[in-house]
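> Predicted model and sequence below, questions to follow.
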Amino acid sequence: MKKIFLYLVIAVFLIGQSYAQKKKFVTTSSGLQYSIIKKGKGIQPKKGDLVKIHYVGKLANDTVFDSSYSRGEPLSYKLGVGQTIKGWEEAIALLHEGDSAILIIPPKIGYDTVAAGKIPPNSTLKFIIKVVKVIPKIIPFETKGKDTITLPSGTKYITSVVGTGQKADTGLVATIQYTGFLNDTTIFDSSVERQEPVKFTLGSNQVNPIFEEAVRQLSVGSKTRFIISSQKLFANNPNMSAQKNTDLFFDIELLKLEKKPTLVPFDTKGKDTIKTASGLKYIIVENGKGKKPVNGNKVTVHYSGYFTDGKKFDSSVERNLPFSFVLGKGGVIKGWDEGITLLNIGTKARFIIPPDLGYGDKQVGPIPAGSTLVFDIELIDAK
């Protein structure tokens with residue numbers, strides 16, 4: 001995998017350098033030089049827009065000091081708010097979604113006299129970049145002049161757009177987009193910026209009950225602002241650092257409602273149970289024909305989680321929303337990080353995970369401390 005990334009980086013450099021020999025660079029008043037390798041057809045980013053950029057960065061002597069390709073995902077940041085060097089801020093604002101370009105950034109709009117990681121002071125920087133995606137700045141829902149309604153929990157809501165579709169109800173799978181704001185309209189969380197709509201089954205304790213109460217007020221197509229007390233929202237989560245008695249503002253749009261898929265536990269009768277040195281047990285139900293993932297891969301799975309008595313506590317299958325994570329980075333429980341490496345893409349398997357490879361002596365949501373967990377998992381993809 002590392003060799004593939006290396007070849008990709010070399011190819012990007014060769015293409016970029018060959019192009020640079022044929023095309024002239026545009027020089028701006030700041031000293032930035034840029035040349036567009038390939039023009040895209042997307043929108044031009046503006047201040048506050050979220051941009052996703054793939055890049056290779058090198059010093060004047062062609063030493064590579066950083067590459068988003070080696071990490072397997074583009075860099076994401078908000079344009080024009082000081083999250084990156086001035087040269088990038090200026091350059092990206094000149095480009096469009098889909099553009100590929102070469103940038104030459106002098107020290108004064110780079111890191112200037114400061115050393116930054118592998119970058120020495122007073123370095124001229126060269127970048128070959130691609131603007132992968134531009135996500136327009138999120139505009140809060142318009143609520144001026146709208147009625148405010150208070151729910152039994154104390155949560156308040158203001159409907160910006162009245163939905164005309166089906167009403168949210170128990171047993172349905174809701175797909176929503178949301179953005180959470182503080183009082184000053186600062187965004188602290190947004191599924192819109194992540195481009196990852198949230199799915200959950202109403203009445204299945206898959207989300208905070210205060211949040212579910214809010215979604216239950218909606219019909220498909222609704223755009224509604226909810227004002228929720230942070231103290232109530234995080235009452236059962238002492239690890240959250242939200243200020244006590246702070247109102248949080250959530251703009252929620254209900255995109256669709258679906259019937260919950262029928263969940264059928266894997267049939268493991270007659271299948272061998274294998275135990276690893278760590279104590280993880282697994283049963284291969286159906287072998288896939290793809291490769292085995294390695295640490296650092298972004299893997300995508302469908303799963304259903306059960307207690308040892310067969311009671312389900314969570315399922316991506318019921319949400320019809322596969323789950324993705326980077327393998328071996330501690331983003332999931334140890335039993336998953338180990339178990340997924342044992343599977344080929346396309347494999348269906350059951351994991352039996354002891355507490356020390358799960359959540360240990362901590363209670364997490366509906367999972368009691370000290371629980372042995374059973375997961376039916378299908379490995380869909382690995383990149």
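Yes, it's here.
> Any buried residues in stretch 360-370, and which?
Residues Ile367 are the ones in stretch 360-370 that count as buried (16 or more other CB atoms under 10 Å). For the C-beta atoms, the positions are set from N, CA and C on the backbone; glycine is no exception.
> my hunch is that Phe325 is in a strand, does that hold up?
Yes - counting by DSSP: H, G, I helix; E, B strand; the rest coil, Phe325 falls inside a strand.
> For it, the count of nearby residues, please.
Using other CB atoms under 10 Å, Phe325 has 17 other residues around it.
> thinking it is in contact with Asp337, fair?
No - in this structure Phe325 lies outside contact range of Asp337 using CB atoms under 8 Å: 9.0 Å.
> show me what contacts Phe25?
Gln33, Tyr34, Ser35, Ile102, Ile104 (CB atoms under 8 Å, 6 or more residues apart in numbering).
> quick one: contacts for the second one?
Think Tyr34. Phe25, Val26, Thr28, Ala91, Leu94, Ala101, Ile102, Leu103, Ile104.
> do the same with the first one
Applying CB under 8 Å, 6+ apart, one finds that Gln33 lies in contact with Phe25, Val26, Thr27, Leu103, Ile104, Ile105.
> Please tell me how far it sits from Thr155.
53 Å (CB to CB, to the nearest Å).
> repeat for the fourth one
Remark: distance between Ile102 and Thr155 (CB to CB) = 51 Å.
> quick one on the thing from earlier: so of the contacts of Phe25, which ones are in strands?
With DSSP state E as the criterion, strands contain Gln33, Tyr34, Ser35, Ile102, Ile104 from among the contacts of Phe25.
> just those residues now: which is nearest Leu255?
For the ones in strands among the contacts of Phe25, the closest approach to Leu255 (CB to CB) belongs to Tyr34, at 38.1 Å.
> Do you know the pLDDT at that closest one?
The score at Tyr34 is 97. That number is its pLDDT.
> if I look at it, how far off is Ser76?
21 Å.
> Please apply the same query to Lys275.
41 Å.
> which of the two has more neighbours?
Neighbour count, other CB under 10 Å: between Lys275 and Ser76, Ser76 has more, with 16 against 10.
> Can you check the pLDDT for that one?
Reported pLDDT at Ser76 in the predicted model: 94.
> Might you report the residue contacts of the residue nearest to Leu95 when sequence neighbours are not counted?
Counting by CB to CB, 6 or more residues apart in numbering, Val131 is the residue found nearest to Leu95 once chain neighbours are left out, at 5.2 Å. Going by CB under 8 Å, 6+ apart, Val131 touches 40, 42, 45, 51-53, 92, 95-100.
> What is the most widely separated pair among these?
Spatially, the most separated pair among these is Pro45 and Ser100, at 14.9 Å (CB to CB).
> How is Ile176 classified with respect to secondary structure?
At Ile176 the chain is in strand, as set by three-state DSSP.
> ok, what's across the strand from it?
Bridge pairing for Ile176 (DSSP bridges) gives the partners Val198, Leu254.
> tell me the contacts of it?
Taking CB under 8 Å, 6+ apart, one finds Ser191, Pro197, Val198, Lys199, Val215, Ile252, Glu253, Leu254, Leu255 in contact with Ile176.
> and the gap between it and Ser222?
Counting by CB to CB, the gap from Ile176 to Ser222 is 10 Å.
> try Ile102
Distance from Ile102 to Ser222, by CB to CB: 46 Å.
> Please, where are all the helices along the chain?
2-22, 68-71, 86-93, 191-194, 209-215, 230-233, 316-319, 334-340 (DSSP state H).
> packing partners for the second one?
Right, helix 68-71. helix 2-22, strand 50-59 (3 or more CB pairs under 8 Å, 6 or more residues apart in numbering; DSSP states H and E).
> Can you list the strands that the last one pairs with?
The reference is to strand 50-59. Strand 50-59 is paired, per DSSP bridges, with strand 64-67 (antiparallel), strand 75-78 (antiparallel), strand 125-135 (antiparallel).
> Give me the residues contacting that strand.
By CB under 8 Å, 6+ apart, the residues outside strand 50-59 that reach it are 9, 12-13, 45, 64-69, 74-79, 92, 119-120, 123-135, 137, 193.
> Pull out the buried members of these.
Applying 16+ other CB under 10 Å to those flags 9, 12-13, 45, 64-69, 74-79, 92, 119, 123, 125-135, 193 as buried.
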